[in-house]
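A.B. asks: need a structure here:
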Amino acid sequence: MQKILNIMATMSISFNPGQDVTVTLALSATDPETGPVSSSFTFQTAKGLLGPSSNPTDQSGFANSAQDLFAVTVEPATKAAFVHFFLTSAKGNVVFVNDVNARVAKLLSPPWKDDAKGFLRVETIQERKVELSTTDFAHAPFQTHTFWVTVGATGKVRLAQG
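C.D. replies: Take a look at the predicted model:
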């Protein structure tokens, strides 16, 4: 007999201004044998989190409606931003994807490939698709490239079609 788990996940963010940001994922299982699970990730950053282009000071992070894909953009310094994904599964697993910038940079063509390595920002999440942007800070006026990626259940990232 197979058990069906109903796992809900939430993300909360706490700040130690000028020092670090902690992202906590709380998973509550309805199966009494497994109980709730909590995972915390602390990022050293004097600047905090970076929100979308429309609201850069937003510090709330991103989540899809299914609450199984979460993201933050950590801004350690001006003109530097690193994206991190957190994936949760129906079995109560948490997958942390630390190298999103490197994974996405491999998918892009020059000059955006190099820009994405050091500056990548989450704009929004819709289901398993994430809108990202990168900016060319080396040449004024600064140009921004916005595009969509699809994130698989294990963290595999690929350019979204259409």
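A.B. asks: any idea how far the nearest residue to Val37 once chain neighbours are set aside lies from Asn64?
C.D. replies: Distances taken as CB to CB, 6 or more residues apart in numbering place Leu27 nearest to Val37, at 4.5 Å, with adjacent residues excluded. To be clear about C-beta, it is placed using only N, CA and C from the backbone, and glycine gets the same treatment. According to CB to CB, to the nearest Å, Leu27 stands 15 Å off from Asn64.
A.B. asks: The two: who's more crowded?
C.D. replies: Using other CB atoms under 10 Å, the more surrounded residue of Leu27 and Asn64 is Leu27, with 21 against 17.
A.B. asks: Give the closest residue to Thr88 in space, chain neighbours not counted.
C.D. replies: In space, and not counting its chain neighbours, Thr88 is closest to Ala9: 4.2 Å by CB to CB, 6+ apart.
A.B. asks: Wasn't Asp115 part of a helix?
C.D. replies: Yes: counting by DSSP: H, G, I helix; E, B strand; the rest coil, Asp115 falls inside a helix.
A.B. asks: For it, which residues are in contact?
C.D. replies: Neighbouring residues of Asp115 by CB atoms under 8 Å, 6 or more residues apart in numbering: 134-138, 145.
A.B. asks: before we move on, what about Ala116?
C.D. replies: Neighbouring residues of Ala116 by CB under 8 Å, 6+ apart: 101, 104-105, 108, 132, 134.
A.B. asks: ok, so of those residues, who is nearest Gln59?
C.D. replies: Nearest to Gln59 among those: Leu132, at 18.3 Å, using CB to CB.
A.B. asks: Would you confirm that that closest one belongs to a helix?
C.D. replies: No: counting by three-state DSSP, Leu132 is not part of a helix but strand.
A.B. asks: residues touching the spatially closest residue to Ala66 that is not a sequence neighbour, list them.
C.D. replies: Nearest residue to Ala66 in three dimensions, chain neighbours excluded: Glu127, at 7.1 Å (CB to CB, 6+ apart). Shown in contact with Glu127 (CB under 8 Å, 6+ apart): 64-66.
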